[in-house]
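Q: sequence and computational prediction follow.
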Amino acid sequence: MSRSGSGLDLIVIGGGLAGMATAIRAAELGLVVRVLEKGEGDHYLCNSRYTGGLFHIGMDDMRSSPDELVARLTRVTHGETRPDLARTLASNAARAIGWLGTHGVGLIRVGPDGLRQNSLAPPGVRSTGLNWRWRAGDVMLRTLNARLRALGGAFDQGTTALALEVEHGRVRGVKVERNHQTEVLRASAVAICDGGYQANPDLMRRHITPAPDRVLMRNAETGCGNGLVMAEAVGAKLCGMGSFYGHIQYREAMTDGRFWPYPVLDSLCVSGLLVDGNGRRFCDESLGGVHIANAMARLEDPLACHVILDEAIWQGPGRDWLLPANPYLEKAGGRLVSASTLEELAGKIGLDPAKLNSEVEAWNGAVRGRHPFSPDRTNPAYAPHAVKQAPFHAVPLCAGVTYTMGGILTDAAGQVLDRDELPIPGLLAAGACTGGLEGFSRNGYSGGLSKSATFGMIAGETAAALVRANLTSTVHTARIGA
Ligand SMILES: Cc1cc2nc3c(=O)[nH]c(=O)nc-3n(C[C@H](O)[C@H](O)[C@H](O)COP(=O)(O)OP(=O)(O)OC[C@H]3O[C@@H](n4cnc5c(N)ncnc54)[C@H](O)[C@@H]3O)c2cc1C
């Protein structure tokens, strides 16, 4: 093992949006920066490469007022978002996308709602299947890579971070593997930006699903939780580990790339009757697609679910949202299972006809207000629709995991906190590997790109403040958002 890299100010683990934002901001503030990226080649994969490219906060416009955005984050997380993180994101979101623009990242408006006010250009969400080459995230990463190099930053590919080096209670470097050899790189500070733990079956089994092989990796499979494990080893606190951001997808997406990441089937599932392998409703579908995907993943068999609908649902809510089931599922080569009676439909999808009949009856009765829903439906924003007139349809489903929402707890400056919630000297984190913003027990989706860009930029600023002041400890967070 050799020792190298002395003279480095900041090591950043991961070359996705969070890592690039951290590194570029630190480099432009004068730091000597090195990004470690395990992927190889010009288009090393990561979620930032695959992204649909819509910058938003809780599905709203990132340029809305900070108070509106805090209210939005509070609402989507059922009041559980960490107030310091929510306020910091809300106060710095517009600055972050403006700052990305100064580095050549183009954003355009692609639709009327808040979600579509700030899309990467050229836009990503435009057809079914994976289409990232020379679009949204691919162009963004190429642009940011060029900027980092122009600012004198180093970008080490084929380099996997293995563990943090700690000296006298301060993180001072990273043990890495490259070319089948290990070595230690030293720096004044380290930022973990490795993208979450969705592609780590052991961590997924521990926190998200009993059957990690039966949920869809709706992601680049590069987020393996390395950063989380190494942060925990030096005393970091984890937060909100039980949930992921994702969508409901056609079951064949498990083996057929034509069906992911789009179309998503969320609109069908919040409106029609969603049942598990026993033909039973199992969650509050009115809480939306992310909630349903998490509930599906928690089932003993996440791959046994169907949504049951009639033609009116297919022609109505089936057409809602971006690249919806109708018509994109069939355009991509998928098929509805259809029948003229519920008994026949049950036979075709392997459910007990009597059970399906009684579940549909209970559902229709609740839709018509004759008795309460069980499980309850608590969110009036999504109306349930009766399944009443033939032809009846079923769509086999799977839970698509985009990235894990919980992770390493940081303060508003991006400093990793220990179990007493005090900053660990020399250690920062940003992006999908961090937790707290989305809550802890009923996590709500805040937006992946906004989180990675804003907290990446802030982590770069914090690193610069630490190194400039030659601090061996930590910074106060009050100045963030100035
Ligand atoms: C299909 C899809 C569509 C999406 N659409 C949207 C959208 O429209 N809007 C939105 O807000 N969000 C969207 N997201 C989510 C968003 O893209 C991500 O949350 C965000 O890009 C994550 O950025 P990141 O830098 O934190 O992680 P990543 O982009 O995943 O980058 C992490 C990097 O770390 C590297 N790495 C991992 N471990 C190590 C290690 N040990 N050593 C060295 N390197 C390592 C990985 O190789 C990777 O390059 C989407 C994601 C996907 C997959």
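A: Okay, I see it.

Q: lowest-pLDDT helix or strand in this protein?
A: strand 2-13 (a mean of 73; mean pLDDT, DSSP states H and E).

Q: against which helices or strands is the next helix or strand after that one packed?
A: Note on strand 2-13: by DSSP states H and E, the next helix or strand toward the C-terminus is helix 17-28. If you count contacts as 3 or more C-beta pairs under 8 Å, 6 or more residues apart in numbering; DSSP states H and E, helix 17-28 packs onto strand 2-13, strand 33-37, helix 47-50, helix 83-102, helix 136-150, strand 181-192, helix 448-468. C-beta coordinates here come from the backbone N, C-alpha and C atoms, glycine included.

Q: of all the ones you listed, which one is nearest the ligand?
A: Judged by C-beta to the nearest ligand atom, the one of the helices and strands packed on helix 17-28 that comes nearest to the ligand is helix 448-468, at 2.3 Å.

Q: what about that closest one, near the ligand?
A: Yes - contact of helix 448-468 with the ligand (C-beta under 6 Å from any ligand atom) involves G448, L449, S450, S452.

Q: any idea how far V401 is from whichever residue of the stretch 251-400 of the chain sits closest to the ligand?
A: As assessed by C-beta to the nearest ligand atom, the ligand sits closest to P261 within the stretch 251-400 of the chain, at 3.6 Å. For P261, the distance to V401 (C-beta to C-beta, to the nearest Å) stands at 11 Å.

Q: so what sits against both of these two?
A: Both P261 and V401 are in contact with R218, where contact means C-beta atoms under 8 Å, 6 or more residues apart in numbering.

Q: need the helices and strands packed on helix 17-28 in JSON lines (columns: mean neighbour count).
A: Below are the helices and strands packed on helix 17-28 laid out as JSON lines (neighbours: other C-beta atoms under 10 Å):
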{"stretch": "strand 2-13", "mean neighbour count": "19"}
{"stretch": "strand 33-37", "mean neighbour count": "26"}
{"stretch": "helix 47-50", "mean neighbour count": "26"}
{"stretch": "helix 83-102", "mean neighbour count": "20"}
{"stretch": "helix 136-150", "mean neighbour count": "20"}
{"stretch": "strand 181-192", "mean neighbour count": "23"}
{"stretch": "helix 448-468", "mean neighbour count": "27"}
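
Q: which residues of the stretch 101-250 of the chain score low on pLDDT?
A: Along the stretch 101-250 of the chain, segments meeting pLDDT under 70 are nowhere present.

Q: show me the strands in it, by range?
A: Ranges of strands in the stretch 101-250 of the chain, per DSSP state E, counting those that start in this stretch, are 107-108, 119-120, 154-157, 160-167, 170-178, 181-192, 216-217, 238-239, 244-250.

Q: tell me if stretch 316-335 is near the ligand.
A: No - Stretch 316-335 lies out of reach of the ligand by C-beta under 6 Å from any ligand atom, never closer than 8.9 Å.

Q: buried ones in that stretch?
A: 316-318, 321-326, 328-329, 332, 334 (16 or more other C-beta atoms under 10 Å).

Q: same question, stretch 356-371
A: Neighbour-count burial for stretch 356-371 [16+ other C-beta under 10 Å]: L356, N357, E359, V360, A362, W363, N364, A366, V367.
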